[in-house]
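In: When you get a sec, could you give me coordinates for this:
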Amino acid sequence: MDNETYILKLSSSLSRSTYSFHLEEIYFTANISYKHFTLRFQPQAKHVEQEINHRFFVVLPFALVILYMIYNHELMSPLLSSLIAILQLALSSRSKPSDAQTSKLFPTVSTTATSDQMQDSRDFTGTDSLKKKIKSKKIQ
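Out: Have a look, this model is predicted:
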């Protein structure tokens with residue numbers, strides 16, 4: 001009871017981005033020993049239409065491709081291994097690979113043939129001669 005003017009303020013921890021509300025202030029003079037105040041607090045949730053994030057449209061195709069690859073993993077594993085080999089080749093061509101690196105990526109296959117094999121390849125002109133050659137040779 002000092003006859004001073006005081007302010008009674010309501011505060012809230014609610015986010016203003018999701019709720020709309022008005023914080024009341026009451027000014028009073030302390031001239032009596034007891035006084036009752038009623039503050040109204042009526043927060044209302046804002047109806048915010050969520051915009052679709054543009055990053056969603058960038059990530060969605062990649063996610064679908066990954067899901068497809070997981071679903072068809074048996075089909076995708078040879079394709080992925082060939083893709084990895086191509087990438088290794090591209091990276092190794094930039095750094096000028098040594099002969100040891102090249103032989104690891106592309107093992108050499110012997111292409112020399114004996115004279116009998118060359119003669120056999122020249123003799124296979126018809127299906128009858130092919131059948132005779134197959135019957136006469138042992139297949140390992």
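In: in the protein, which helix has the most residues?
Out: helix 73-94 (DSSP state H).
In: Tell me which other helices or strands it touches.
Out: helix 99-105 (3 or more Cβ pairs under 8 Å, 6 or more residues apart in numbering; DSSP states H and E). Quick note: C-beta positions are derived from backbone N, CA and C, even for glycine.
In: Recalculate using a threshold of 10 Å.
Out: Contacts defined by 3 or more Cβ pairs under 10 Å, 6 or more residues apart in numbering; DSSP states H and E place helix 73-94 against helix 54-71, helix 99-105.
In: what residues does stretch 33-52 touch?
Out: Residues lying outside stretch 33-52 but in contact with it, judged by Cβ atoms under 10 Å, 6 or more residues apart in numbering, are 1, 8-10, 12, 14-26, 28-29.
In: care to break this protein down by domain?
Out: Listed domain ranges for the chain are 1-48, 54-105 (source: automatic domain parsing).
In: any idea how far A90 is from I66?
Out: Distance of I66 to A90, given as Cβ to Cβ, to the nearest Å: 22 Å.
In: What is the burial count for F28?
Out: Residues lying near F28 (other Cβ atoms under 10 Å) number 13.
In: now do L89
Out: Look at L89: counted by other Cβ under 10 Å, it has 14 neighbours.
In: likewise N3?
Out: Using other Cβ under 10 Å, N3 is surrounded by 7 other residues.
In: Let me know the secondary structure of the closest residue to it other than its chain neighbours.
Out: Using Cβ to Cβ, 6 or more residues apart in numbering and skipping the chain neighbours, the partner closest in space to N3 is N31 (5.3 Å). The three-state label given to N31 by DSSP: H, G, I helix; E, B strand; the rest coil is coil.
In: And the pLDDT at N31?
Out: Per-residue confidence (pLDDT) for N31: 90.
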